[in-house]
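# Test case, fold it:
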Amino acid sequence: MNSSPSLKGQAALVTGADSGIGKGVALALAHAGASVVINFAHNHDAAEETVNEIKAAGGMAFAYQADVSHEEEVQAMFAEMFKQYGTIDILVNNAGLQKDSKFVDMTLDQWNTVISINLTGQFLCSREAAREFIRRGVVEDRSRAAGKIICMSSVHEVIPWAGHVNYAASKGGISMFMKSIAQELAPHKIRVVGIGPGAIQTPINKAAWDTPEALDKLLTLIPYNRIGKPEDIGKLAAWLVSDDADYITGTTIFMDGGMTLYPGFADNG
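So this is what the prediction gives:
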């Protein structure tokens, strides 16, 4: 663990933290001193692996199964977190999925599932966190803010994505959701920030990087010429919820190796 952790004494909830970006964020927050709740939907073994990894390094964590699109499950998860940690200081809305289809073939179930997890899940978790932040207020020896919320988005909040209309729509919604609650909650000393990852090496997009041919094709979209790692996002998240970033709220920070620079125009101007 960090010898001078910046998040010591703080309690964090990371949704979808059993793998990929969520796991990378949970490990980084724990490394910085936070006690972490590892939320997962299905993969209990993977969630426990994340918990064990944190505990082995001297941190505190427990796993909790909840579908973030179900209000009663979200509220039960927060109740258990308050029982074990007393409160919440940091929420990372990371849970998300894809149900890809051509637009004309997309089913209502594919649309609703992605919107429910990716967008409604962020609403439900953020609302519960904000209620606790407002109730408790700022605790001076812990953080300059009453609470911090990270809304995990994507480069596809600004880059259209044919064949993934439900996913792109959910991420565009996250952008305006994040900005609107940041505006409303700022007077309560609550910070809300978005992170927009580009291509990150995670299970959700394995087909895009798992072979040399696929990786080469992907890298044509990334001017910096490397794929991101979950730990890249983890380090950014840990910094954003620290007091070093106390004046940042209501914006998305893209971590994408330049994908949002529209590299197709680099030699076609």
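# only C-alpha atoms for contact and neighbour calcs from this point on.
OK.
# where does this protein have low pLDDT?
Along the chain, segments meeting pLDDT under 70 span 1-4, 204, 208-210, 269.
# quick one: the strands in it?
For the chain, the strands defined by DSSP state E cover 11-14, 35-40, 61-65, 90-93, 147-152, 190-197, 252-255.
# Would you format those as TSV with mean neighbour count and distance to residue 55 included?
Formatted as TSV, the strands of the chain follow (neighbours: other Cα atoms under 10 Å; distance: least, Cα to Cα, whole Å):
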stretch	mean neighbour count	distance to residue 55
strand 11-14	27	15
strand 35-40	27	10
strand 61-65	22	7
strand 90-93	27	19
strand 147-152	27	24
strand 190-197	25	26
strand 252-255	20	28
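# Tell me which of those sits nearest to residue 226.
The closest of these to residue 226 is strand 252-255. By Cα to Cα, the value is 12.0 Å.
# Just the CA trace of the closest one, in PDB.
What follows is strand 252-255, C-alpha atoms only, in PDB (Å, rounded to 0.1, in the frame of the first residue of the first chain):
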ATOM      1  CA  THR A 252     -15.500  14.400 -18.800                       C
ATOM      2  CA  ILE A 253     -11.800  13.700 -19.000                       C
ATOM      3  CA  PHE A 254     -11.100  11.500 -22.000                       C
ATOM      4  CA  MET A 255      -8.300   8.900 -21.500                       C
END
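# Partner strands of it, with direction?
The strands that strand 252-255 pairs with in its sheet are strand 190-197 (parallel) (by DSSP bridges).
# what does the strand it pairs with contact?
Contact with strand 190-197 is made by 130, 133, 145-155, 157, 175, 178-179, 181-182, 185, 233, 237, 240, 246, 248-256, as judged by Cα atoms under 8 Å, 6 or more residues apart in numbering.
# now residue 123: how far from residue 130?
Using Cα to Cα, to the nearest Å, residue 123 is found at 10 Å from residue 130.
# With residue 224 instead?
37 Å.
# So those two - more neighbours on which side?
residue 130 (23 against 13; other Cα atoms under 10 Å).
# and residue 182, how many residues sit next to it?
So residue 182, with other Cα under 10 Å, has 21 neighbours.
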